[in-house]
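Chemist: all I have is the shape, not the residue letters:
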């Protein structure tokens, strides 16, 4: 939805993306902003209390099915036995992803109030305490002078086929608003990084310190912030930014900044990979990305090394499916040549090392299950829609279980179980792909417990829980007359 809105706006203003000159930066200083004190709220609604000490399933829903904004928070015991339900105060909402919004320790939810794309431009970042319902208002994310201040910001920009100030300002505004709701928690839950336009024309990264309750500006580049990624060790932040927005058709610049100093600093610009599609952290230094395509396949798979400040493409072609096996420092992928008449590489299954060395495992092309992280043999589906295992020596073991590629399938975190929703029948398999049980459920989503002892099964009208021991689904919630439309979910520790 985010990309479609940007493309639609670009068409309306009649501008085309292109290379641009770098505008002159207005000098800025690292400023600390004091934060208001806790504000008590009464948002807890009466439900049966939680029965365990965790872990808990937290998911978000919305009163409006036509928006991604989530304002109702539900927390369930891992077996569905108890619950707690909260509504964010002051029409607050979680935007896009609950995984970024919830702190790793499970105590805080970062949420928004107000709006950014129309008056009064009062988008505000807040924190919600899951335990006691108190809130902290961090800061307004858009400068009071917006959008008039964009006229000054775009005077020095040059876009082919976009010469007038109105067109240039429109592109710059798209880039700013596209990432103005970006947030990211540090691994230790003490710092929240977010995008805001406070001290400059473009958006920058700010850091909210939860213990000190202060906000500090971290970066100062001419582009607008798009996405923010903390390194797994919490020492650095990787982010991408652009002047006119980040879509399929517009390249971004990647930067990395060091958190050893909280003073305003010049980030290191990384080159070599410009893409909006992210694959995630491989280890504490390597972040994998691929170039965008018009399909679900991957193109130009590579990584950004935030330690050496280098980027490397290790698969300069198409990959149909892949598994990032960080445990064994390898990537397993399936490949069908993009140019069938003049292929550079034969089709088949390939194993990649981080230096780009490839080993062909099989001539057959299999669809790899994306949920598996470290698997040997790897779980896949063949061209006849049969489940198979493929070992690294090329051995393929086929099972008499037909599965459509469009079905919902989830491998348990322990890799011991597999649940597949197939043609209004939900099936449970063991790790050797033996059918254990099946249920007459038209399952639309499967959520495994972190300990793999059971899973939540969601249909359009009901939520069930099934334990591996008992195996029979238990009704947790009947959503009629509304749909069981869960916007997003995450497990709390």
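Modeler: All right, it came through fine. Please read these numbers as outputs of a predicted model, since none were measured by experiment.
Chemist: over to residue 172. Which of the three states is it?
Modeler: Under DSSP: H, G, I helix; E, B strand; the rest coil, residue 172 falls in the helix class.
Chemist: next one: the closest residue to it other than its chain neighbours from residue 202, what distance?
Modeler: Leaving out its chain neighbours, the residue that sits closest to residue 172 by C-beta to C-beta, 6 or more residues apart in numbering is residue 154, at 4.8 Å. Any C-beta I mention is one placed from the backbone N, CA and C, and that applies to glycine too. Per C-beta to C-beta, to the nearest Å, residue 154 is found 10 Å from residue 202.
Chemist: anything in contact with each of these two?
Modeler: Taking C-beta atoms under 8 Å, 6 or more residues apart in numbering as the criterion, residue 154 and residue 202 both touch residue 172.
Chemist: break down the stretch 151-300 of the chain into its strands, ranges please.
Modeler: Under the criterion DSSP state E, counting those that start in this stretch, strands of the stretch 151-300 of the chain are mapped to 183-185, 191-196, 204-209, 214-217, 224-230, 236-242, 253-258, 268-270, 277-281, 286-291, 298-305.
Chemist: show me what the second one pairs with in its sheet, parallel or antiparallel.
Modeler: Each strand pairing with strand 191-196, determined using DSSP bridges, is listed with its direction: strand 183-185 (antiparallel), strand 204-209 (antiparallel).
Chemist: just checking, residue 418 touches residue 435?
Modeler: No. Applying C-beta atoms under 8 Å, one finds residue 418 not in contact with residue 435, separated by 10.1 Å.
Chemist: who touches both of those two?
Modeler: 428, 429.
Chemist: how about low-confidence regions in the stretch 251-400 of the chain?
Modeler: Applying pLDDT under 70 to the stretch 251-400 of the chain picks out residues 251, 261-263, 265, 339-342, 371-375.
Chemist: got a list of what the residue nearest to residue 172 touches?
Modeler: With C-beta under 8 Å, 6+ apart, residue 154 has these contacts: 23, 165, 168, 169, 171, 172.
Chemist: mind redoing it with 6 Å?
Modeler: By C-beta atoms under 6 Å, 6 or more residues apart in numbering, the contact set of residue 154 is 168, 169, 172.
Chemist: looking at the strands of the stretch 151-300 of the chain, which is closest to residue 325?
Modeler: Closest to residue 325 of these, according to C-beta to C-beta: strand 286-291, at 11.6 Å.
Chemist: quick one: residue 386 from residue 417, how far?
Modeler: Distance of residue 386 to residue 417, given as C-beta to C-beta: 19 Å.
Chemist: show me which of the two is the more surrounded one.
Modeler: For residue 386 versus residue 417, the count of surrounding residues by other C-beta atoms under 10 Å is larger for residue 417: 20 against 14.
Chemist: so what's that one bridging to?
Modeler: Judged by DSSP bridges, the bridge partners of residue 417 are residue 430.
Chemist: for residue 326, give me phi and psi.
Modeler: Main-chain dihedrals, residue 326, degrees, to the nearest 10: phi -70, psi -30.
Chemist: wait, it touches residue 282, no?
Modeler: Yes. At 4.9 Å, residue 326 and residue 282 qualify as touching, with contact defined as C-beta atoms under 6 Å.
Chemist: quick one: which of those two has more around it?
Modeler: Set residue 326 next to residue 282 and count neighbours by other C-beta under 10 Å: residue 282 wins out with 19 against 16.
Chemist: show me what counts as buried in stretch 199-217.
Modeler: For stretch 199-217, burial by neighbour count (16 or more other C-beta atoms under 10 Å) applies to 199-210, 213, 215-217.
Chemist: nearest to residue 228, of the residues you listed?
Modeler: Nearest to residue 228 among these: residue 205, at 6.2 Å, using C-beta to C-beta.
Chemist: isn't that closest one right next to residue 220, touching?
Modeler: No. Applying C-beta under 6 Å, one finds residue 205 not in contact with residue 220, separated by 9.3 Å.
Chemist: just give me the neighbour total for residue 258.
Modeler: Taking other C-beta under 10 Å as the criterion, the count of residues near residue 258 is 14.
Chemist: tell me what angle the strand or helix carrying residue 324 forms with strand 298-305.
Modeler: Secondary structure from DSSP states H and E places residue 324 in strand 321-325. Put simply, strand 321-325 runs at 20 degrees to strand 298-305, going by axes from the mean of the first three to the mean of the last three C-alpha atoms, to 10 degrees.
Chemist: what packs against strand 321-325?
Modeler: Applying 3 or more C-beta pairs under 6 Å, 6 or more residues apart in numbering; DSSP states H and E, one finds that strand 321-325 contacts strand 330-335, strand 367-368.
Chemist: so what strands line up beside the shortest one?
Modeler: Same thing as strand 367-368. Strand 367-368 has these strand partners (DSSP bridges): strand 378-381 (antiparallel).
Chemist: so between residue 418 and residue 435, which is more surrounded?
Modeler: A count of neighbours by other C-beta under 10 Å puts residue 418 above the other of residue 418 and residue 435, at 25 against 13.
Chemist: could you list the low-confidence segments of the stretch 1-150 of the chain?
Modeler: Using pLDDT under 70, the flagged stretches of the stretch 1-150 of the chain are 1-47, 63-68, 96.
Chemist: ok, 80 please
Modeler: 1-48, 62-70, 95-96 (pLDDT under 80).
Chemist: can you pull out the helices in the stretch 51-200 of the chain?
Modeler: 98-101, 150-153, 165-178 (DSSP state H, counting those that start in this stretch).
Chemist: which one of these has the lowest average pLDDT?
Modeler: Here the lowest mean pLDDT among the helices of the stretch 51-200 of the chain goes to helix 150-153, at a mean of 84.
Chemist: which residues sit against it?
Modeler: Here helix 150-153 makes contact (C-beta under 6 Å, 6+ apart) with 169, 172, 173, 201.
Chemist: please report how far the second one lies from residue 221.
Modeler: Between residue 172 and residue 221 the distance, using C-beta to C-beta, works out to 14 Å.
Chemist: what is in contact with these two at once?
Modeler: What both residue 172 and residue 221 touch, as defined by C-beta under 6 Å, 6+ apart, is an empty set.
Chemist: so those two - more neighbours on which side?
Modeler: Shown here are residue 172 and residue 221; by other C-beta under 10 Å, residue 172 has more neighbours (26 against 21).
Chemist: so the more buried one versus residue 135, what's the distance?
Modeler: For residue 172, the distance to residue 135 (C-beta to C-beta) stands at 32 Å.
Chemist: ditto for residue 120
Modeler: Per C-beta to C-beta, residue 120 is found 20 Å from residue 135.
Chemist: leaving out the residues flanking it, which one is nearest to residue 306?
Modeler: In space, residue 306 comes closest to residue 256 once its chain neighbours are excluded; the distance is 4.6 Å by C-beta to C-beta, 6+ apart.
Chemist: dump the contacts of helix 150-153 into a markdown table; add distance to residue 376 as well.
Modeler: Shown next, in a markdown table, are the contacts of helix 150-153 (distance: C-beta to C-beta, whole Å):
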| residue | distance to residue 376 |
| --- | --- |
| 169 | 54 |
| 172 | 49 |
| 173 | 50 |
| 201 | 52 |
